[in-house]
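[1] Please find the sequence and the predicted model below.
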Amino acid sequence: MSTQKAHWHASRKIVKRIVIQGKLVLETPTHLGNGETLGPTDMNLLRDAVDNRRALLTGTSIAGALRSYLREVQHGYKYEEKLPQNSPVPLLFGMTRGEEGRQSLLIVDDARSQEPAAVELRDGVRIDTETGTAKDGAKFDMELLQVGTTFPLRFELLIPQKENEATLKTALARALHGFEEGEIPLGARKRRGFGRCRVVEWRVVTYDLTTVAGLLAWLREDAGANQAKTPIAEALGVSVSETDARKRFTLDATFSLDGSLLIRAEAESGADAGGHLRSERPGKGAVPVLPGTSLAGVLRHRALRIANTLASAEGHGDTLVDGMFGSSETDNLTASRVSVQETVLEGVSPLVQTRVKIDRFTGGAYPTALFSEEPVFGGPQSRVYVKLRLRNPQDYEVGLLLLLLKDLWTGDLPVGGGSSVGRGRLQGLAAQLSWPSQSLEWQLEQPAEDLQITGDREVLEKYVGALHTHLTQEAGDEANL
């Protein structure tokens, strides 16, 4: 007679199931794409197959974002290194493809938007760095979910008989804490300001499967009279460590708008040449915004000019900028390490401005060349916010960001369209710089003509000097080979 045990004897022997539900709210426009190019736009939203009016957020996307966040917090931005055996990442999410180990103990459900998807359209374009104009065939449009769209999240944590329950709950609380703090973006173009979200409430129910009552309650999905709680660590009854292995440089700056700003979109007043880009915000309607895509493009173009000016050999400036802002070249695809957030413009007013094209030969107006635009105008009370994050920074890369900040601060680097007619000039008011892993912080303020810096000025100068040394020394080293 065979002594081989039946397969159910090799089960994981689940003794508890902990169900966590949360309400996720989008804080910036989000693109949850379906990967199809057939549709009203070039990049279409993924919608539920049963109710086509509702957007779909897949469990795979949620689980991938959670796993990536927990890995970064625990081990830093080092994706090429194999995780240690005692890491909470494989303990909670299982092993990746090609690795031996068990499956995930966390079940993540798909989520449908609670309301029919409210959509806004955005145009995108790739700019030629040499001509400053749009590249042929690089114009596209995309569907975005509006700010305020909500998704009900549901997770189920399995507690096997031989596993440490507190360890699993602590790992899950640390991962879900990223949703509480708004540090886990979702969807496409996350490092250009899209997809920022936050969970505003949690509900946790524990089912003891070793008892008949607990098993029946789980089968009936009986949540009892549990109340919404935050933070998630308190709801799970654990404490979460504040340690963070991520190495990043942060830059948060506040500017006023000197004159007008125009990032072209359809004008509300019907101006034939368009108006400034607006985005829906709950309770505020359509408000003017500074999109991360536009700001990142401006910063990248100026960074390339600075790097190529300082570099002693051809190509070193491009290599530096591609390493920071990413590369879309087919043979060298890399993600951007610079994250730029989308922000709302405050204290600005839209005004219709009529312009005319002048014939340079006659000095008169071109026939039918009269047009109107609707930019936003600022003043001393206007506020433009710039928020940057650089992953795994090097001294010379921070130096390049400081030079970009200086150009924005002094109005030398205009943002948006119409820079040739004086649009997009900013004036620096205040900035906060920090490098948490180095325990360094600076504050910049300009109440009048003199710039006030709180922090070690010499360290900032050292970063700018490191940029010059990096670009010139690399060229010299290559010449000696």
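    In hand now; what should we look at? Everything numeric in this text was worked out from a predicted model, so none of it was measured.

[2] Who are the packing partners of the top helix by length along the chain?
    Using DSSP state H to assign secondary structure, the helix with the most residues in the chain is helix 457-479. If you count contacts as 3 or more C-beta pairs under 8 Å, 6 or more residues apart in numbering; DSSP states H and E, helix 457-479 packs onto helix 292-310, helix 316-325, helix 395-409. Every residue, glycine included, has its C-beta placed from N, CA and C.

[3] what about dumping the CA coordinates of it to CSV?
    Extracted in CSV, the C-alpha atoms of helix 457-479 (Å, rounded to 0.1, in the frame of the first residue of the first chain):
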residue,chain,number,x,y,z
ARG,A,457,26.6,77.2,2.2
GLU,A,458,30.0,75.6,1.6
VAL,A,459,28.4,72.2,1.1
LEU,A,460,26.2,73.6,-1.6
GLU,A,461,29.2,75.1,-3.3
LYS,A,462,31.0,71.8,-3.1
TYR,A,463,28.1,70.1,-5.0
VAL,A,464,28.4,72.6,-7.8
GLY,A,465,32.2,72.1,-7.9
ALA,A,466,31.6,68.4,-8.0
LEU,A,467,29.6,68.8,-11.2
HIS,A,468,32.4,70.7,-12.9
THR,A,469,34.9,68.1,-11.8
HIS,A,470,32.8,65.2,-12.8
LEU,A,471,32.3,66.4,-16.4
THR,A,472,35.9,67.5,-17.0
GLN,A,473,37.6,64.7,-15.2
GLU,A,474,35.7,62.0,-17.0
ALA,A,475,36.8,63.5,-20.3
GLY,A,476,40.4,63.7,-19.2
ASP,A,477,40.4,60.1,-18.0
GLU,A,478,39.0,58.9,-21.3
ALA,A,479,41.6,60.9,-23.2
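
[4] Quick one: closest of the helices and strands packed on helix 457-479 to residue 357.
    Nearest to residue 357 among these is helix 292-310 (24.4 Å), distances taken as C-beta to C-beta.

[5] contacts for the closest one?
    122, 124, 127, 129, 132, 189, 191-194, 263, 316-318, 320-321, 324-325, 336, 338-342, 386, 388, 400, 403-404, 407, 413-416, 467-468, 471-472 (C-beta atoms under 8 Å, 6 or more residues apart in numbering).

[6] in that helix, what's buried?
    Across helix 292-310, burial judged by 16 or more other C-beta atoms under 10 Å covers 292-304, 306-308, 310.

[7] ok and it relative to helix 316-325, angle-wise?
    Helix 292-310 and helix 316-325 meet at an angle of 150 degrees, taking axes from the mean of the first three to the mean of the last three C-alpha atoms, to 10 degrees as the criterion.

[8] I'd like to know the average pLDDT value across helix 292-310.
    Mean pLDDT, helix 292-310: 94.

[9] One more: stretch 21-30?
    95.

[10] Need the distance between the two termini of it.
    Start-to-end span of stretch 21-30 (C-alpha to C-alpha, to the nearest Å) is 21 Å.

[11] hmm, who's touching it?
    Outside stretch 21-30, the residues touching it (C-beta under 8 Å, 6+ apart) are 57, 111, 120, 122, 144-155, 176, 179, 182, 186-187, 193-204, 232, 279, 341-342.

[12] remind me which residues of the stretch 201-350 of the chain are low pLDDT?
    Counting by pLDDT under 70, the ranges of the stretch 201-350 of the chain that qualify are 225, 269-271, 330.

[13] Let me see the ranges of the helices in the protein.
    With DSSP H as the criterion, the chain has helices spanning 59-75, 88-93, 165-180, 212-220, 232-236, 292-310, 316-325, 395-409, 457-479.

[14] Could you export those as a markdown table, including distance to residue 19?
    Converted to a markdown table, the helices of the chain look like this (distance: least, C-beta to C-beta, whole Å):
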| stretch | distance to residue 19 |
| --- | --- |
| helix 59-75 | 14 |
| helix 88-93 | 16 |
| helix 165-180 | 12 |
| helix 212-220 | 8 |
| helix 232-236 | 11 |
| helix 292-310 | 35 |
| helix 316-325 | 42 |
| helix 395-409 | 44 |
| helix 457-479 | 48 |
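
[15] Just the ones of the contacts of stretch 21-30 in strands?
    Under the assignment DSSP state E, the contacts of stretch 21-30 contribute 57, 111, 120, 122, 144-145, 150-155, 197-204, 279 to strands.

[16] Please spell out the PyMOL selection for the buried subset of those residues.
    Per 16+ other C-beta under 10 Å, the buried members of the ones in strands among the contacts of stretch 21-30 correspond to this PyMOL selection:
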select buried, resi 57+111+120+122+144+145+151+153+154+155+197+198+199+201+202+203+204+279
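
[17] which residues are contacting stretch 261-273?
    If you take C-beta under 8 Å, 6+ apart as the criterion, stretch 261-273 is touched by 123, 274-278, 286, 290-291, 294, 345, 348, 350, 352, 355, 371-376, 378, 384, 415-418, 423-424.

[18] Could you identify the buried members of those?
    274-278, 290-291, 294, 345, 348, 350, 372-376, 378, 384, 415-418, 423-424.

[19] Just the strands from the stretch 1-150 of the chain, written as ranges.
    Secondary structure of the stretch 1-150 of the chain (DSSP state E, counting those that start in this stretch): strands at 14-26, 56-57, 106-108, 111-112, 119-127, 134-145, 150-160.

[20] Quickly compare these and say which is most buried.
    strand 56-57 (a mean of 24; mean count of other C-beta atoms under 10 Å).

[21] Quick one: end-to-end length of stretch 110-125, please.
    Using C-alpha to C-alpha, the two ends of stretch 110-125 sit 32 Å apart.

[22] returning to that earlier point: residue 246 is nearest to which of the helices and strands packed on helix 457-479?
    Nearest of the helices and strands packed on helix 457-479 (C-beta to C-beta): helix 395-409, 15.6 Å.

[23] what angle do the closest one and helix 316-325 make?
    Helix 395-409 runs at 90 degrees relative to helix 316-325, counting by the same axes, to 10 degrees.
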